[in-house]
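Asker: Here is my input, please return the structure:
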Amino acid sequence: MPPRSRSLRSLLLIGTLALVGSGAALETARATLSSGARIVLQKGRQYLPTDLYLRRGDTVTLRNGDESLTHHAFIEADRFAFDAGDQEPGTETRLTLAEPGDFVIQCGIHPKMKLTLHVE
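Answerer: You can find the predicted model right below:
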(Lines give C-alpha, C1' and ligand atoms only; values in the text may rest on other atoms or scores of the structure.)
Protein backbone atom coordinates (compact mmCIF):
# COMPACT_ATOMS: atom_id res chain seq x y z
CA MET A 1 0.00 0.00 0.00
CA PRO A 2 1.40 3.43 -0.88
CA PRO A 3 2.52 5.58 2.09
CA ARG A 4 -0.08 8.24 1.27
CA SER A 5 -2.94 5.69 1.57
CA ARG A 6 -1.63 4.52 4.96
CA SER A 7 -1.47 8.12 6.19
CA LEU A 8 -5.00 8.80 4.99
CA ARG A 9 -6.31 5.64 6.70
CA SER A 10 -4.52 6.61 9.91
CA LEU A 11 -6.10 10.08 9.82
CA LEU A 12 -9.54 8.59 9.18
CA LEU A 13 -9.11 6.17 12.09
CA ILE A 14 -7.97 8.95 14.43
CA GLY A 15 -10.87 11.15 13.29
CA THR A 16 -13.36 8.32 13.88
CA LEU A 17 -11.97 7.66 17.36
CA ALA A 18 -12.17 11.36 18.18
CA LEU A 19 -15.83 11.46 17.13
CA VAL A 20 -16.61 8.37 19.20
CA GLY A 21 -14.82 9.92 22.17
CA SER A 22 -16.71 13.20 21.85
CA GLY A 23 -19.98 11.26 21.65
CA ALA A 24 -19.10 9.56 24.93
CA ALA A 25 -18.37 12.95 26.48
CA LEU A 26 -21.73 14.22 25.24
CA GLU A 27 -23.50 11.23 26.78
CA THR A 28 -21.70 11.91 30.08
CA ALA A 29 -22.83 15.54 29.97
CA ARG A 30 -26.42 14.46 29.34
CA ALA A 31 -26.27 11.99 32.21
CA THR A 32 -24.97 14.72 34.50
CA LEU A 33 -27.80 17.05 33.48
CA SER A 34 -30.45 14.38 33.92
CA SER A 35 -29.07 13.33 37.31
CA GLY A 36 -30.71 16.27 39.07
CA ALA A 37 -28.07 19.02 39.09
CA ARG A 38 -28.93 22.36 37.47
CA ILE A 39 -26.98 25.62 37.28
CA VAL A 40 -28.80 28.95 37.26
CA LEU A 41 -26.81 32.04 36.40
CA GLN A 42 -27.49 35.37 38.10
CA LYS A 43 -26.30 37.95 35.60
CA GLY A 44 -27.42 41.32 34.33
CA ARG A 45 -30.13 41.60 36.99
CA GLN A 46 -31.84 38.42 35.81
CA TYR A 47 -31.85 34.68 36.36
CA LEU A 48 -30.88 32.51 33.40
CA PRO A 49 -33.05 30.53 32.81
CA THR A 50 -36.21 32.18 34.17
CA ASP A 51 -38.19 28.91 34.44
CA LEU A 52 -36.85 25.55 35.51
CA TYR A 53 -38.62 22.17 35.60
CA LEU A 54 -37.28 19.81 38.25
CA ARG A 55 -37.96 16.63 40.19
CA ARG A 56 -38.01 16.34 43.95
CA GLY A 57 -34.47 15.87 45.20
CA ASP A 58 -32.87 17.86 42.36
CA THR A 59 -30.23 20.41 43.28
CA VAL A 60 -30.07 23.92 41.86
CA THR A 61 -26.81 25.87 41.97
CA LEU A 62 -27.27 29.63 41.92
CA ARG A 63 -24.12 31.17 40.49
CA ASN A 64 -23.51 34.92 40.65
CA GLY A 65 -22.01 35.55 37.21
CA ASP A 66 -21.87 39.33 37.59
CA GLU A 67 -18.53 41.08 37.98
CA SER A 68 -19.69 43.76 40.39
CA LEU A 69 -23.29 43.07 41.52
CA THR A 70 -24.25 41.32 44.73
CA HIS A 71 -27.46 39.22 44.69
CA HIS A 72 -29.66 37.90 47.50
CA ALA A 73 -31.77 34.91 46.41
CA PHE A 74 -34.70 33.83 48.56
CA ILE A 75 -37.97 31.86 48.47
CA GLU A 76 -40.96 32.57 50.68
CA ALA A 77 -43.68 29.94 50.32
CA ASP A 78 -46.28 28.46 52.67
CA ARG A 79 -44.44 25.16 53.09
CA PHE A 80 -40.92 26.01 52.05
CA ALA A 81 -38.48 28.84 52.71
CA PHE A 82 -34.95 29.49 51.49
CA ASP A 83 -32.55 32.40 51.96
CA ALA A 84 -29.09 32.39 50.37
CA GLY A 85 -28.02 35.63 52.02
CA ASP A 86 -25.86 38.08 50.09
CA GLN A 87 -24.01 36.43 47.21
CA GLU A 88 -20.91 38.28 46.13
CA PRO A 89 -19.74 38.08 42.48
CA GLY A 90 -18.40 34.65 41.57
CA THR A 91 -19.99 32.81 44.51
CA GLU A 92 -22.42 29.90 44.39
CA THR A 93 -25.24 28.68 46.60
CA ARG A 94 -26.88 25.26 46.33
CA LEU A 95 -30.52 24.47 47.00
CA THR A 96 -31.97 20.94 47.08
CA LEU A 97 -35.70 20.81 46.43
CA ALA A 98 -37.54 18.26 48.57
CA GLU A 99 -41.07 19.67 48.18
CA PRO A 100 -43.22 19.45 45.04
CA GLY A 101 -44.88 22.60 43.76
CA ASP A 102 -44.13 25.89 42.07
CA PHE A 103 -41.71 28.22 43.84
CA VAL A 104 -40.42 31.65 42.89
CA ILE A 105 -36.84 32.60 43.69
CA GLN A 106 -36.52 36.36 44.00
CA CYS A 107 -33.58 38.66 44.60
CA GLY A 108 -33.84 40.84 47.69
CA ILE A 109 -31.61 43.46 46.04
CA HIS A 110 -33.07 43.43 42.50
CA PRO A 111 -36.86 42.93 42.86
CA LYS A 112 -37.47 42.34 39.12
CA MET A 113 -35.25 39.23 39.20
CA LYS A 114 -37.48 36.15 39.34
CA LEU A 115 -36.93 32.46 38.69
CA THR A 116 -39.86 30.06 38.76
CA LEU A 117 -39.09 26.50 39.86
CA HIS A 118 -41.62 23.84 38.87
CA VAL A 119 -40.95 20.77 41.05
CA GLU A 120 -42.73 17.46 40.34
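Asker: all contacts plus neighbour counts: C-alpha atoms, from now on.
Answerer: OK.
Asker: how is the protein carved up into domains?
Answerer: Annotated domains of the chain cover 1-35, 36-119 [automatic domain parsing].
Asker: lowest-confidence stretch among these?
Answerer: Of all the domains of the chain, the minimum mean pLDDT falls on domain 1-35 (a mean of 41).
Asker: from what I can see Gln87 touches Asn64, true?
Answerer: Yes - with contacts counted by CA atoms under 8 Å, Gln87 reaches Asn64, the gap being 6.7 Å.
Asker: Name the residues contacting each of those two.
Answerer: Contact criterion CA atoms under 8 Å, 6 or more residues apart in numbering; residues shared by Gln87 and Asn64: Thr70, His71.
Asker: quick one: Arg94 and Gly85, what's the gap?
Answerer: Distance of Arg94 to Gly85, computed by CA to CA, to the nearest Å: 12 Å.
Asker: Repeat that for Thr116.
Answerer: Distance from Thr116 to Gly85, by CA to CA: 19 Å.
Asker: what do you get for Arg55?
Answerer: 24 Å.
Asker: Ok, Ala98 next?
Answerer: Taking CA to CA as the measure, Ala98 falls 20 Å from Gly85.
Asker: same deal with Arg79?
Answerer: Counting by CA to CA - Arg79 and Gly85 are separated by 20 Å.
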